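*Asks:* A predicted structure for the sequence below; I have some questions about it.
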Amino acid sequence: MTPDTLEIALRHRFATGRTLDLALSAPLPGIVGLFGPSGAGKSTLVAALCGTFRPDRSDIRVGTRILSGSGIWVRPEARRIGMVFQDSRLFPHLSVAGNLRYGADRAPPPGHAEGLPGFEEVSVLLGLERLLGRRTHALSGGERQRVAIGRALLSRPVLLAMDEPLSGLDQARRHEILFYLGRLRDRLLLPILYVTHALDEVVRLCDTLALVEDGRVEACGPVADLLASGRLAEREDASALLDAVVCGQDAERGLASVSAGGFTLSVVQPAAGQVEPTLHPVGTRLRLTIPAREVVLLRLPEAVPIVTSAQNMVPVRVRAVQPVGTDALAVVVLEPDSESPGAAVILARVTRDSVHRLGLVPGARLTALIKTVSIVVLDGGIGHDE
Ligand SMILES: Nc1ncnc2c1ncn2[C@@H]1O[C@H](COP(=O)(O)OP(=O)(O)OP(=O)(O)O)[C@@H](O)[C@H]1O
C-alpha cells in the first residue's frame, strides 16, 4: 500500500454459484474508470467500496485509510464515499439549495477533508447559482445530475463513486455534464471512481482505466496505454488519446498546431461544441482524441504534391496490426516516423484487404491522413507548459 493509491481486492461467491474476483490498484488523485459489459461486476465493486455490500473477502484502501481488510470493516456511513447514481435520487420536497445543504450537513467537522470546496464554490463549479431556489421537479436531467454531484461533493467525501451517472441523459446533456466533471477533475484533488459503458466518457475523463470482464479486472492502467495497446480495438469507437501542447496559433484560420507525442497536428480552435469556447494560448496542455475510423492510410510516391482538405498528413510507422474479431477489419497501431522520446500512438481502423494492399507490417512507413475536424480537443486546457 502507498499513501497515494486506491487499492481494491474482493472475492465473492453468490448463492447462485457466480463468483467475482476483482482487484485493482490506481494512483490517486485521479479518475479511475470501471469499464466493461453488463454483469461484469462493476456495480458490485462499487457497492463493496461503499460498504453497502459485504463480499466474502475484501481489502479496500483509499490512500492510507483502510475501509475493509486486516480485521477492519468500516460502516458504510463512516466511509465518507460520496455516491452519484444514474437516477439522481434528489429529495423532491427540498429545493436545489436544500438538497445541497443536505450534503453539507453530512460533512465531517472542520479539520477533515480540508481543501474541498464549500457551498458557494460548489454552486459556481457546477453552474448551479441560478437554480438554487428551484424545486427539483423543475430541473432538466442534466441539472438534476449536477445537483446530485454537488450534494455528494458537499458531504466532503474522500472519494466520489459515480455509477453510470450519464446513462439516462441525451447527448447534449451528457456533453454538459462531461464538461463539469472535467472541471472538477482539473480543479479538485478528489479521487473519483467512475463506472460507465461508454468509451467516450472514459477517454474524456479518466486517468486510469480498469477493464472489467466476467467477474475479473482484465487490465488496469493509464487510459492512453490501454487504448494504445489495442485491447479496445474490437470496439467500433476505438480511438487514441494523446497529450498535446499548443505550439502555434492561427486565429485567422481558426486553427492551432499542437505537438502530441512526436506528432505535429493541426486542430480546430476553439473546439466545436465546447461549453466555454476558448482559444488556448501557445504552451497550453490539451488532451486530444482521434477516432481510429477517421484515420486514412496512404502510400505516397516521393515528391508528389497532394492537395487535400485534410490538414494533417502525418508520416507514421506501423507498430502493430491488430485483427478485429472475425470481421474483415483490423486496427493498425501507428507511431511517429521519427525517433521521439515519449512517442504517442494513433490508431487506424482499416479493412484487412487494405492491410494486404498497403503491406501494413510492423516497421512499414507510410502517411496517415487525418481530417482536422476529426481530432477532438477535449474540453479545456489542463495546465500550461513552463
Ligand atoms: N445478489 C446477487 N445474487 C446472485 N448474483 C448476483 C447478485 N448480485 C450480482 N450478481 C451477479 O454478479 C455479476 C456482477 O453483477 P454487477 O451488477 O456487479 O455487474 P455490472 O458490471 O455492474 O453490470 P451492469 O453494467 O449491468 O450494471 C452478475 O453476473 C450478476 O448477475
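*Replies:* Looks like it came in fine.
*Asks:* buried sites along stretch 216-232?
*Replies:* 216-217, 219-224, 226-228, 230-232 (16 or more other C-beta atoms under 10 Å). Heads up, the C-betas are built off the backbone N, CA and C, glycines and all.
*Asks:* give me the residues contacting that stretch.
*Replies:* Residues from elsewhere that reach stretch 216-232, judged by C-beta atoms under 8 Å, 6 or more residues apart in numbering: 20-26, 33, 41, 199, 202-203, 206-212, 238-243, 320, 322, 331, 333, 344-345, 347.
*Asks:* what of stretch 165-176?
*Replies:* 84-87, 140-142, 145, 148-149, 177-178, 194, 196-198, 201, 273, 275.
*Asks:* over to stretch 105-124?
*Replies:* Stretch 105-124 is contacted by residues 80, 100-101, 104, 125, 128-129, 132, 150, 153-158, 188-190 when judged by C-beta under 8 Å, 6+ apart.
*Asks:* give me the PyMOL select line for these, limited to the buried ones.
*Replies:* A single PyMOL command selects the buried members of the contacts of stretch 105-124 (16+ other C-beta under 10 Å):
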select buried, resi 80+100+104+125+128+150+153+154+155+156+157+158+188+190
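*Asks:* out of the contacts of stretch 105-124, which sit inside helices?
*Replies:* Among these, the members falling in helices (DSSP state H) are 100, 101, 104, 125, 150, 153, 154.
*Asks:* output the lowest mean pLDDT helix or strand found in the protein.
*Replies:* Using mean pLDDT, DSSP states H and E, the weakest-scoring helix or strand in the chain turns out to be helix 171-187, at a mean of 84.
*Asks:* state the next helix or strand along the chain beyond that one.
*Replies:* For helix 171-187, the following helix or strand on the C-terminal side (DSSP states H and E) is strand 192-196.
*Asks:* can you state the direction angle for that next one and helix 171-187?
*Replies:* Using axes from the mean of the first three to the mean of the last three C-alpha atoms, to 10 degrees, the direction of strand 192-196 lies 160 degrees away from that of helix 171-187.
*Asks:* is strand 192-196 anywhere near the ligand?
*Replies:* No: using C-beta under 6 Å from any ligand atom, strand 192-196 stays clear of the ligand, coming no nearer than 6.8 Å.
*Asks:* average pLDDT for that strand?
*Replies:* Averaged across strand 192-196, pLDDT comes to 95.
*Asks:* quick one: residues in contact with the helix or strand that that strand is followed by.
*Replies:* The C-terminal neighbour of strand 192-196 among helices and strands, as given by DSSP H and E, is helix 199-205. Residues outside helix 199-205 that contact it (C-beta under 8 Å, 6+ apart) are 31, 33, 35, 166, 174, 178, 181-182, 185, 194, 196, 209, 223, 227, 232, 235, 237-239, 241, 289, 378-379.
*Asks:* immediately after helix 199-205, which helix or strand?
*Replies:* Later in the chain than helix 199-205, the nearest helix or strand by DSSP H and E is strand 208-213.
*Asks:* which secondary structure state is assigned to residue 143?
*Replies:* helix (DSSP: H, G, I helix; E, B strand; the rest coil).
*Asks:* pretty sure it contacts residue 132?
*Replies:* No: applying C-beta atoms under 8 Å as the test, residue 143 and residue 132 come out as separate, 11.5 Å apart.
*Asks:* what's the straight distance from one end of stretch 132-143 to the other?
*Replies:* Separation of the first and last residues of stretch 132-143 by C-alpha to C-alpha, to the nearest Å is 11 Å.
*Asks:* same question for it, mean pLDDT?
*Replies:* Mean per-residue pLDDT for stretch 132-143: 91.
*Asks:* ok, residues contacting it?
*Replies:* Contacts of stretch 132-143 (C-beta under 8 Å, 6+ apart): 88, 90-92, 94-97, 99-100, 123, 128, 131, 144, 147, 168-170, 172-174, 176-177.
*Asks:* let's go with 7 Å and repeat that
*Replies:* For stretch 132-143, contacts defined as C-beta atoms under 7 Å, 6 or more residues apart in numbering pick out 90, 92, 95-97, 99, 123, 131, 144, 147, 168-169, 173, 176-177.
*Asks:* stretch 369-380 too?
*Replies:* With contact meaning C-beta under 7 Å, 6+ apart, stretch 369-380 is reached by 179, 182-183, 186, 204, 255, 265-268, 271, 274-275, 286-291, 294-296, 298, 308, 310-314.
*Asks:* go again with 6 Å.
*Replies:* Here stretch 369-380 makes contact (C-beta atoms under 6 Å, 6 or more residues apart in numbering) with 179, 182, 204, 266-268, 271, 274, 286-290, 294-296, 298, 310-313.
*Asks:* got it, and stretch 34-46?
*Replies:* Counting by C-beta under 6 Å, 6+ apart, 20, 22, 161, 163, 195, 202, 210, 211, 212, 213, 215 sit against stretch 34-46.
*Asks:* mind listing what the first one touches?
*Replies:* Residues counted as contacts of residue 20 (C-beta under 6 Å, 6+ apart) are 12, 41, 44, 215.
*Asks:* who in the protein is up against the ligand?
*Replies:* Residues of the chain lying near the ligand by C-beta under 6 Å from any ligand atom: 14, 16, 18, 36, 38, 39, 40, 41, 42, 43, 44.
*Asks:* kindly recompute the last result at 5 Å.
*Replies:* When proximity is defined by C-beta under 5 Å from any ligand atom, the chain lies next to the ligand at 14, 16, 18, 38, 39, 40, 41, 42, 43, 44.
*Asks:* show me the shaky parts of the stretch 51-200 of the chain.
*Replies:* Scanning the stretch 51-200 of the chain for pLDDT under 70 picks out the ranges 110-115.
*Asks:* residue of it closest to the ligand, please.
*Replies:* Closest contact between the stretch 51-200 of the chain and the ligand, by C-beta to the nearest ligand atom, is at residue 197 (6.3 Å).
*Asks:* quick check: phi and psi on that residue?
*Replies:* phi -100, psi -10 (degrees, to the nearest 10).
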